[in-house]
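Novice: Show me how the following folds:
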Amino acid sequence: MSETNTANIIKTPTLDVENIRQDFPILHQEVNGNPLVYLDNAATSQKPRQVIEALDKYYQEDNANIHRGVHTLSERATIDYEQAREKVRSFINANSEKEIIFVRGATEGINLIAQSYGRNKLKAGDEIIISEMEHHSNIVPWQLLCEQTGALLKVIPINDTGELIIEEFDKLLNSKTKIVSVVHISNALGTINPVQHIIDHAHEYNAIVIIDGAQATPHTAVDVQALDCDFYVFSGHKLFAPTGVGVLYGKTDLLEAMPPWQGGGDMIKMVSFEKTLYNDLPYKFEAGTPHIAGVIGLGAAIDYVSATGLEAIAAHEHELLEYATEKILEVKGLRLIGTAQQKTSILSFVIDSIHPHDIGTILDHEGIAIRTGHHCAMPVMTHFNVPATARASFAFYNTFEEVDRLIQALGKAREVFI
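Specialist: Sure thing, here's the model as predicted:
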C-alpha cells in the first residue's frame, strides 16, 4: 500500500475500557458475593468520579442560590451553572444558550411542551402523531392534551422487528397534523429511528416535531440544527449525570411565543398585583430554585463524555452489542424482542417457561443487574404479546467479559427453572 493511501485511512478511535472503569467507583464492588456487572444503563447510568467531585465541590465550596446574590458564593455558583448551559448548547449544537431550558428530565420537558405550546395552539380535530414504541412519558402527556383540547392522537405502528413502519407515518401526515413526537432510540427495543425523515416530512405539513432523546445522547452525537427538530429533550441521569436534571431544547421563536409553564422566582422581571412581566429566555421557564448541583454535574458529565469521544463510545458499544447478540442467541429457548437493523446498546429478551422477573432474580444472585418488566413501554409489550421482557443495556464501561458472565448466568436460570 502506498504512503498516500495509508495516510487516507480513517481509523475509528478505540477506548481504553479498563482505564475508563477506574473512573466509576460503583463498579468496583461485590453484589451477593460476586463482582458487580451493571447492565441496567437504559434505566440509569453510573456516574464517573469527575461528576461526583463536581457535586462535592459545589456543596463543600460554592453552595448558594444563583442569579440573585451579589456575594462571592452566589457568583461562583451562577458562573458554574451558566457554564453548564453553554456546555449543553455546544453538546447538541443549539444555536443559542437561550434555547437550553433546564428541567427535571425528559418527562418534564415533554409535559412542558404539551402544556405551554400544545394547550395554547391545538383545538378540537387537530392531530398529534406519536409511535407505538414510545415510553409512557411520550404518550400520557399527549393523551392529557387531547382530553384538554379535543385533539386526536394517531399512532405510527411498528413491525415485528421493532422498527417503525415509516410508510404508515407518511400516510398519517395531513393538514390536521400539528405535533409529531417520537423517540430517537427506543428504551425497550434499542431501535434507532429515522428521525431525520420524520422531521423533514412533518415540516412539509407545518407540524412541529419533538424528539425524545433520553436514550440517544449517551450513545450518539446529536446536532439539533442539522436535524432541524423543533424541540429535543433528554435526561441527565442517563448521560452519566445526576438524577433530577434534564434539558429541553427549543427553537427560539417557539419558546419566545410560549407562555410560562410554572410561576415563581427567577422567571419574572417585575411583579405587582396588577401585572407580572416575565423574564427573558431561558429563565422564563426556570421558575424557583433549580437543581443547581445537578446542572453543574451535568456539565461535568458532558465534559467527560466529550473528552472520551462519542465516536469511540459508539464504536465500542456497537462491537459489544454485536458480540452480545451472537452469544445470547445461543441460549436455548431465548427470543430477542427487537431485532431492528439499526439499533444500539439494548437487548430485550424472553426465555421460554421463565418469567422475566425470575430471570432478573437469578441474575441478581450472580451479581448481574438487568431490568425486567414493561420498561414504561406497555404498548410495546402488547405488540409482541409478552407481559414483560428482561433487558440488558450497555454503556461504554461494559466489557466483553461481562457479556460472558451474563450468558453464563442465563444458563443457570435455565437450570433452575427448566
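Novice: ok, now how distant is the residue positioned nearest the centre of the chain from Cys146?
Specialist: The centre of the chain sits closest to Ala214, judged by C-alpha atoms, centre = their mean, with a distance of 1.0 Å. Between Ala214 and Cys146 the distance is 22 Å, computed by C-beta to C-beta, to the nearest Å. For every residue, glycine as well, the C-beta is placed using N, CA and C.
Novice: ok, now Leu298?
Specialist: Using C-beta to C-beta, which is the criterion applied here, Leu298 is 32 Å from Cys146.
Novice: With Asp358 instead?
Specialist: If you go by C-beta to C-beta, the gap between Asp358 and Cys146 works out to 38 Å.
Novice: Who has more neighbours out of the two?
Specialist: Using other C-beta atoms under 10 Å as the criterion, Asp358 and Cys146 rank with Cys146 on top: 19 against 16.
Novice: so the closest residue to that one other than its chain neighbours, which of the three states?
Specialist: Setting aside the residues directly before and after it, Cys146 is nearest to Leu153 in space (C-beta to C-beta, 6 or more residues apart in numbering), at 5.3 Å. At Leu153 the chain is in strand, as set by DSSP: H, G, I helix; E, B strand; the rest coil.
Novice: how about Leu153, what does it touch?
Specialist: Applying C-beta atoms under 8 Å, 6 or more residues apart in numbering, one finds that Leu153 lies in contact with 127-128, 130, 142-143, 146.
Novice: tell me the two of those residues that are most distant?
Specialist: Of all pairs drawn from these, the greatest distance, 13.4 Å, lies between Glu127 and Gln143 (C-beta to C-beta).
Novice: Who has more neighbours out of those two?
Specialist: Ranked by neighbour count (other C-beta under 10 Å), Glu127 and Gln143 place Glu127 first, with 21 against 14.
Novice: What residues sit buried inside the longest helix that the chain contains?
Specialist: Scanning the chain for the helix with the most residues, using DSSP state H, yields helix 72-92. Along helix 72-92, the positions that meet the burial threshold by neighbour count (16 or more other C-beta atoms under 10 Å) are 74, 76-78, 80-81, 84-85, 87-89, 91-92.
Novice: residues in contact with the closest residue to Tyr117 other than its chain neighbours?
Specialist: For Tyr117, the nearest residue in space outside its immediate sequence neighbours is Met258; the separation is 5.2 Å by C-beta to C-beta, 6+ apart. Taking C-beta under 8 Å, 6+ apart as the contact definition, Met258 lies against 116-117, 120, 250, 285.
Novice: Mind listing residues that contact stretch 99-108?
Specialist: Under C-beta under 8 Å, 6+ apart, the answer for stretch 99-108 is 85, 88-89, 94, 109, 112, 137, 212-214, 233-237, 243-252, 255, 281-282, 285-286, 290-291, 295.
Novice: tell me the mean pLDDT over it?
Specialist: Confidence over stretch 99-108 (mean pLDDT, whole number) is 98.
Novice: give me the element Ala110 is part of.
Specialist: Quick fix: residue 110 is Ile, not Ala. For Ile110, the host element (DSSP states H and E) is helix 106-112.
Novice: and after that helix, which helix or strand comes next?
Specialist: Sequence order places helix 119-121 as the next helix or strand after helix 106-112, per DSSP H and E.
Novice: if we can go back for a sec, could I have the CA atoms of the helix holding Ile110 written out in PDB?
Specialist: Included here for helix 106-112 are C-alpha records, laid out as PDB according to Å, rounded to 0.1, in the frame of the first residue of the first chain:
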ATOM      1  CA  ALA A 106     -37.100  14.400  29.600                       C
ATOM      2  CA  THR A 107     -40.500  13.700  31.200                       C
ATOM      3  CA  GLU A 108     -40.900  17.200  32.500                       C
ATOM      4  CA  GLY A 109     -39.600  18.600  29.200                       C
ATOM      5  CA  ILE A 110     -42.300  16.800  27.200                       C
ATOM      6  CA  ASN A 111     -45.000  17.900  29.700                       C
ATOM      7  CA  LEU A 112     -43.800  21.500  29.500                       C
END
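Novice: any idea of the pLDDT on Ile418?
Specialist: pLDDT for Ile418: 73.
Novice: now Ala293
Specialist: At Ala293, pLDDT is 98.
Novice: Hmm, it is touching Leu55, no?
Specialist: Yes - with contact taken as C-beta atoms under 8 Å, Ala293 and Leu55 are classed as touching, separated by 5.1 Å.
Novice: Can you pull the residues that touch both of these two?
Specialist: Going by C-beta under 8 Å, 6+ apart, residues that sit against Ala293 and also against Leu55 are Pro242.
Novice: Who has more neighbours out of these two?
Specialist: Comparing Ala293 with Leu55 by other C-beta under 10 Å, the one with more neighbours is Ala293, at 22 against 17.
Novice: What are the phi and psi values at Glu53?
Specialist: Listed backbone geometry of Glu53 is phi -70, psi -30, with angles given as degrees, to the nearest 10.
Novice: tally of neighbours for it?
Specialist: As a burial measure, Glu53 scores 13 neighbours (other C-beta under 10 Å).
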